[in-house]
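Colleague: need a 3D model of the following:
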Amino acid sequence: MSRFLDPPAAREQLPKEKIDKTYKSMRIKVFAGAFLGYAGYYLVRKNLALAAPDMVNEGIINNATAGIAMSAISIAYAFSKFIMGTVSDRSDARKFLCIGLVLSALTMIAVGIFPFTTSIAANTAIIFALMLVVGWLSGMGWPPCGRIMAHWFSQNERSFMMSMWNTSHTIGSGSLGMLAMWGVAVFGTMGIAQTWRADFIVPSLVAILIALFCWWALRDTPESCGLPSVADWRNDHSGVKSKGAAGEKLPFKTLFVDHVLKNRLLWVIAISNVLVYMVRYGISDWSPSYLQTSGIMDKAECKVAFSVHNYVGAIGTIFMGWVSAKFFKGRCAMPNVICMVMVLVGTLLYWQAPLMGEALGISPKIFVYTALIIIGFFIYGPVALIGVQALNTVPKNAAGTAAGFVGLFGYLLGDSLLSKIVIGAVTKSGSVEAWSMANFIFVIASLVGIILCAVLIPSEKKALE
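Modeller: As a prediction, this is how the structure comes out:
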């Protein structure tokens, strides 16, 4: 298997007159493959968050066990993204991404067709196990994309290009809500009683189609296509230099010890990622349950709100990537601080939406939509730019390992522990007071996130000089 996944060797370089045309066309294909491929992974990641309210109503799971089950993806993904990051730095990105996406989709389909029992404990155990598998396979998405972006786009353009690419997960998450809503409607017209099963099945089928496109579009490195390195082609040799040749495998010790454990800036980036991910996934994944349980929105409206929150993130990601490249010379710390200040405003509004609606005699839906739009627009800026910060502090052939390390902190601590297990325990009763406390926790997390992102400003400036 390892030989099958080995990166392709460098080919003899194309004639000089063909290089520019080939490079430009290949970069478009590769970017499209990485964009749609990573979007596809998000069609098979957050399905349980959408199905959970109906599954709770049917007695299959409850709020606390839903949080535990959802945490399985984050737990497995945290370790997988790091381990798979190391493997992907030594593998063909094309094969790596496509295999993981197909297997993820098949596993999520299995959740959608499984005959659950009346035992909440047994159902939770089954869903938890399947979500662990999905989470592990999901780790095959970001690292190969990080490798692709590092090899096909140079330092002074990477911040903007990665911000554009990073909108793929917001497009994927938003499309998940829309596909799920359409699938539920179709299942209903077919007379299928448990329409929530469409939340798992329909988006997964689309993900398999995307994997086929990625197999056609993606290529590992420019050198494997007979092209010079992107640094040579664009005459951009800024940033951290690779050790060895572009396709060369680095020893695990060099990857993990030299470029990760001894990299102090990367540790600060990873810790700041914890707070960003807690707010990102805490708001997004619990919004369907919170809004439906509290009576603010119905089932269909919750899916629309989930999608809108993610779709506006695509615009925010591109905008903040442009801000980083245009005004901060590719540095990311100050844009992250700006974003987290606005996220704080959004979480405050989200927390107080019911009270504001009652006080002003206006539907709280207006305040909820406004809050979700503000949070969605600004939270994905740090999500994208923290990834750029990680890549900018290591050589290109250690990009996947750095991405995996930062992701380990974000998903294991920020997402799994804080946003899933802790928030699930806080909201176990489903009471108004419980949800209010959960939303207040997101406010505090946003405030601490501002401080941690600000700590990176002088360190990042010094590292990139």
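Colleague: identify the residue nearest the residue nearest in space to the middle of the chain in space, chain neighbours excluded?
Modeller: In the chain, the residue lying closest to the centroid (CA atoms, centre = their mean) is residue 169, at 5.5 Å. In space, residue 169 comes closest to residue 42 once its chain neighbours are excluded; the distance is 4.8 Å by CB to CB, 6 or more residues apart in numbering. All C-beta spots, glycine's among them, are computed from the backbone N, C-alpha and C.
Colleague: what pLDDT does the model give the one you found?
Modeller: Among the per-residue scores, residue 42 holds a pLDDT of 94.
Colleague: the residue nearest to the centre of the chain contacts residue 40, correct?
Modeller: No: the criterion here is CB atoms under 8 Å, and residue 169 misses it with residue 40 at 10.0 Å.
Colleague: which stretches of the stretch 1-150 of the chain have low pLDDT?
Modeller: Across the stretch 1-150 of the chain, the ranges flagged by pLDDT under 70 are 1-2.
Colleague: likewise the stretch 251-400 of the chain?
Modeller: Those would be 251-256, 259, 396-397, 400, if you go by pLDDT under 70 across the stretch 251-400 of the chain.
Colleague: so how far is residue 46 from the residue nearest to the centre of the chain?
Modeller: 10 Å (CB to CB, to the nearest Å).
Colleague: what sits against residue 320?
Modeller: Residues near residue 320 by CB atoms under 8 Å, 6 or more residues apart in numbering: 163, 335, 338-339, 378, 380-381, 384-385.
Colleague: could you do residue 113 as well?
Modeller: Neighbour list for residue 113: 197, 201 [criterion: CB under 8 Å, 6+ apart].
Colleague: residue 162 reaches residue 152, doesn't it?
Modeller: No: using CB under 8 Å, residue 162 is not in contact with residue 152, being 10.9 Å away.
Colleague: which elements pack onto the helix ranked longest in the chain?
Modeller: When the chain is parsed with DSSP state H, its longest helix is helix 155-189. Secondary-structure packing of helix 155-189 (3 or more CB pairs under 8 Å, 6 or more residues apart in numbering; DSSP states H and E): helix 16-42, helix 47-57, helix 142-152, helix 198-217, helix 299-327, helix 364-392.
Colleague: tell me the buried residues in the second one?
Modeller: This means helix 47-57. Neighbour counts over helix 47-57 (16 or more other CB atoms under 10 Å) mark 47-56 as buried.
Colleague: ok, the last one next?
Modeller: When burial is assessed from 16+ other CB under 10 Å, helix 364-392 yields the following buried residues: 364, 367-369, 371-392.
Colleague: how far away from the center of its chain is that helix?
Modeller: The chain centre lies 12 Å from the centre of helix 364-392; the measure is CA atoms, centre = their mean, to the nearest Å.
Colleague: next one: stretch 286-297 to chain centre, how far?
Modeller: Worked out by CA atoms, centre = their mean, stretch 286-297 lies 23 Å from the chain centre.
Colleague: so residue 94 sits right up against residue 219, yeah?
Modeller: Yes: between residue 94 and residue 219 there is a contact under CB under 8 Å: 6.2 Å.
Colleague: comparing those two, which residue is more hemmed in?
Modeller: Higher neighbour count among residue 94 and residue 219: residue 94, with 25 against 19, using other CB atoms under 10 Å.
Colleague: okay, and that one sits in which element?
Modeller: helix 93-113 (DSSP states H and E).
Colleague: contacts for the helix or strand following that helix?
Modeller: Using DSSP H and E, the helix or strand that follows helix 93-113 in sequence is helix 120-138. Applying CB under 8 Å, 6+ apart, the contact partners of helix 120-138 are 41, 44-45, 48, 59-62, 65, 68-70, 72-77, 79-81, 100, 103-104, 107-108, 110-111, 114, 116-117.
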